[in-house]
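Peer 1: next come a sequence and a model predicted from it.
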2 protein chains.
Amino acid sequence: MNLKELSDYLGLSQTTVSRALNGYPEVSEKTRRRVMDAARQHDYLPDARAKRLATGRAMAIGHLLPVSKEHEMVNPIFSDFLAGAGKRYAENGFDLVLSVVEDKDEAETYRDLARRGAVDGVVVHGPRINDERIALLTELGLPFVVHGRSSEVSTDYNWIDVNNRRAFARATAFLLDLGHRRIALLNGLAGMDFAARRFKGYQDGLHAAGLDVDPDIVSHAEMTETYGYARTNALLDLDTPPTAIIISSIIPAIGARRALGDRGLTPGKDISIVIHDDDLSYFRNDGDVPTYTATRSSVRAAGEETADMLLAAIREPHQPPRQLLLEAELTVGQSTGAAPAVRQLLKEG
Amino acid sequence: MNLKELSDYLGLSQTTVSRALNGYPEVSEKTRRRVMDAARQHDYLPDARAKRLATGRAMAIGHLLPVSKEHEMVNPIFSDFLAGAGKRYAENGFDLVLSVVEDKDEAETYRDLARRGAVDGVVVHGPRINDERIALLTELGLPFVVHGRSSEVSTDYNWIDVNNRRAFARATAFLLDLGHRRIALLNGLAGMDFAARRFKGYQDGLHAAGLDVDPDIVSHAEMTETYGYARTNALLDLDTPPTAIIISSIIPAIGARRALGDRGLTPGKDISIVIHDDDLSYFRNDGDVPTYTATRSSVRAAGEETADMLLAAIREPHQPPRQLLLEAELTVGQSTGAAPAVRQLLKEG
DNA sequence: GCATTTTCCCAAAGCGCTTTGAGAATTGGA
DNA sequence: TCCAATTCTCAAAGCGCTTTGGGAAAATGC
């Protein structure tokens, strides 16, 4: 059943039926009700293709899932983010279109989406330092929100980010308070903006205590379990291994834990671990006392906020760019404890 | 630049330009080349909205991401699956539309997608036993492929599945060969078809050795880390704890490992673990000797196969349904070893 | 050389909606 | 009662493509 058939059936013009269904005021309540009832009864829903052409809007938001040829890695937080954002899109009648694309084709894909009119806006994931996508999208005039921020980009744009710097400064300070002096950082991929901010926070924390960063115990890589395992082993093999490790995600933390297990070491006792926890739905760091001490910020909630922001930006294109900075909470779990020296002192009374 | 402008510029009709771009034979090679060059030069790409209306095809595939209100759980294998499928869609000029939807609204969403003409086909994820979505989609005439199968559905339909039954029978037999007699099963959610098949395989393995299933050491739940942890603790607290555990996914296996760690137990030595490994990109079970002994089948590869199958089904609607059964490989890792009794015997020579 | 194909291109009619610009029908005011 | 204002409804023109049904020009066959 299409609009023509429905209006023929009702003895009304297509105009009136369309207006009744879309809530325009030019139609009497009586008629509107009659139209709505008939639509429901006949299972009528306007053809999305026709509606899109007629309105010029796609009623869809684009997300690019970049898949690099080399590492073949999909960001594990992606699905939780999509769950959050997609929920909001659905509530607002928008579709979510997901483009799986190789890193190198990303710019071209944005161009295509814009020219084809396939989406009304896009979300930019995983911004790098001085990310060129921001200039591109601004030039294309395609509304967008960045999940994260991009340092060294001078123009103003919509973004939503966790206060990574403060979170990691707090995590560092927390470990310092426990007496740790040699604290390693297992960070995300170099070049990623969030990783740079987390490093800065870590550095802030150390500096505040009069300490300097030791580059030997700072590393950057894609956040896989394997990375956590290998890197933790390497750290433990050092002449003076760290007494604590800050890890950028729960996934490499699993690997770190495995490395400790291999050596019969216990987190929280033999070595302290603080993680950044995105609160992944299949990997909850909870329980009476959470497994890990963590700076926590729900990526799913971030997805919801991102969607709201983008929909607002599409609705009101002439408003100034919007920004939202979320604070992570620092929750204490089982994976941290006093540094060995402090422990010794305490024991000696 | 739209088609009209492009054809005006070229001094050709819209018909000719459209045909030239879409590879129809009614246009001379010389003209085609001229059109193609001009299109490239002016960055012309046909408007997706108009194309969709004119052709009646959506050039898009739908995936539902079901998010249950209660458990708020997103399947962690989802993103890898999408990465695989989405790659193929992109190669074939299709978009991927992702609908985040509450469990209870799933049927309605399929109806909407079909009526609105928003997609040309859909992928059904996580089929349950006697899944009603299959009948619904058949009735709607919306092409679909099920990732998995649904027992007790009598009609024929497109599916692609891992041979879960055989994989779990092999895993069980493998553990039996190592001397294990008390083997626990940490399965997926009851009601899921894959979980039922895995249970059957487990049962097959035990029966073949003249053993029976002990329901006390079989459990069904959503495959989270927390589940693996809690359940492993419960198993170890039994009067006669199992000497081996088969775990349906790497995620709960992490939890199991954590439970073992808490007690100072080592996988492969104190207790054996076999997992089913979906080969998640951020959670590779590899290395010189993989961490886990596993039945492995790449969910990403399954995504690619599913996409190919669905695109073929859309292209050739009158072909009979297609099916593909993938075998999992059994790879030996560090998490399995001889059962205590056997170990004792071997030691005694 | 003429009739017949074949090649190449075009005008116009959709696809199923929204939206513009007006025209009936109704209501209210004097 | 008549006229103006308001309310309700409609015909028709798009939106930017594809595709049908021809028709002119060029190539072929006799």
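Peer 2: That came through, no problem. No experiment lies behind these values; they were computed from the predicted model shown.

Peer 1: show me which residues of the stretch 51-200 of chain A sit near DNA strand D.
Peer 2: Residues of the stretch 51-200 of chain A that fall close to DNA strand D, judged by Cβ under 7 Å from any atom of the strand: A:53-54, A:56. All C-beta atoms are positioned from the backbone trio N, CA, C, and that covers glycine.

Peer 1: which parts of the stretch 151-300 of chain A are helices?
Peer 2: Under the criterion DSSP state H, counting those that start in this stretch, helices of the stretch 151-300 of chain A are mapped to A:164-177, A:193-208, A:225-236, A:250-262, A:299-315.

Peer 1: which one of these lies closest to A:H147?
Peer 2: Nearest to A:H147 among the helices of the stretch 151-300 of chain A is helix A:299-315 (5.5 Å), distances taken as Cβ to Cβ.

Peer 1: same for the helix or strand just after the closest one, what does it pack against?
Peer 2: Next helix or strand after helix A:299-315 toward the C-terminus (DSSP states H and E): strand A:323-326. Applying 3 or more Cβ pairs under 8 Å, 6 or more residues apart in numbering or on different chains; DSSP states H and E, we find strand A:323-326 packed against strand A:159-162, helix A:299-315.

Peer 1: which residues does A:Y227 contact?
Peer 2: When contacts are counted by Cβ atoms under 8 Å, 6 or more residues apart in numbering or on different chains, A:Y227 is found next to A:186, A:221, A:252, A:255.

Peer 1: give me the domain ranges for chain A.
Peer 2: Using automatic domain parsing, the domain ranges for chain A come out as A:3-46, A:60-162+A:300-327, A:164-297+A:330-348.

Peer 1: how much distance is there from the first one to the middle of the chain?
Peer 2: For domain A:3-46, the distance from its own C-alpha centre to the chain's C-alpha centre is 41 Å (Cα atoms, centre = their mean, to the nearest Å).

Peer 1: could you give the mean pLDDT of it?
Peer 2: Across domain A:3-46, pLDDT averages out at 92.

Peer 1: hey, which helix or strand in chain A has the poorest pLDDT?
Peer 2: The weakest-scoring helix or strand in chain A, judged by mean pLDDT, DSSP states H and E, is helix A:340-348 (a mean of 86).

Peer 1: report the angle between that one and helix A:164-177.
Peer 2: On the basis of axes from the mean of the first three to the mean of the last three Cα atoms, to 10 degrees, helix A:340-348 is oriented at 40 degrees to helix A:164-177.

Peer 1: buried sites along helix A:340-348?
Peer 2: A:V342 (16 or more other Cβ atoms under 10 Å in any protein chain shown).

Peer 1: Provide a list of residues in contact with the residue in the stretch 151-300 of chain A positioned nearest to DNA strand D.
Peer 2: Nearest residue of the stretch 151-300 of chain A to DNA strand D: A:N158, at 26.1 Å (Cβ to the nearest atom of the strand). Applying Cβ under 8 Å, 6+ apart, we find A:N158 in contact with A:143-146, A:309-310, A:313, A:321-323.

Peer 1: same check, this time on A:Y9
Peer 2: A:Y9 touches A:38, A:42, counting by Cβ under 8 Å, 6+ apart.

Peer 1: and the residue nearest to A:L176 when sequence neighbours are not counted, its phi and psi?
Peer 2: In space, and not counting its chain neighbours, A:L176 is closest to A:A209: 4.9 Å by Cβ to Cβ, 6 or more residues apart in numbering or on different chains. For A:A209, the backbone dihedrals (degrees, to the nearest 10) come out as phi -100, psi 10.

Peer 1: would you mind measuring from the residue nearest the centre of chain A to B:P66?
Peer 2: By Cα atoms, centre = their mean, chain A has its centre lying nearest to A:V299, at 4.9 Å. From A:V299 across to B:P66, the span is 19 Å (Cβ to Cβ, to the nearest Å).

Peer 1: where exactly do the strands run in the stretch 1-150 of chain A?
Peer 2: Under the criterion DSSP state E, counting those that start in this stretch, the stretch 1-150 of chain A contains strands at A:60-66, A:95-101, A:121-124, A:144-147.

Peer 1: name the helices or strands packed onto the second one?
Peer 2: Contacts defined by 3+ Cβ pairs under 8 Å, 6+ apart place strand A:95-101 against strand A:60-66, helix A:78-91, helix A:106-116, helix B:78-91, strand B:95-101.
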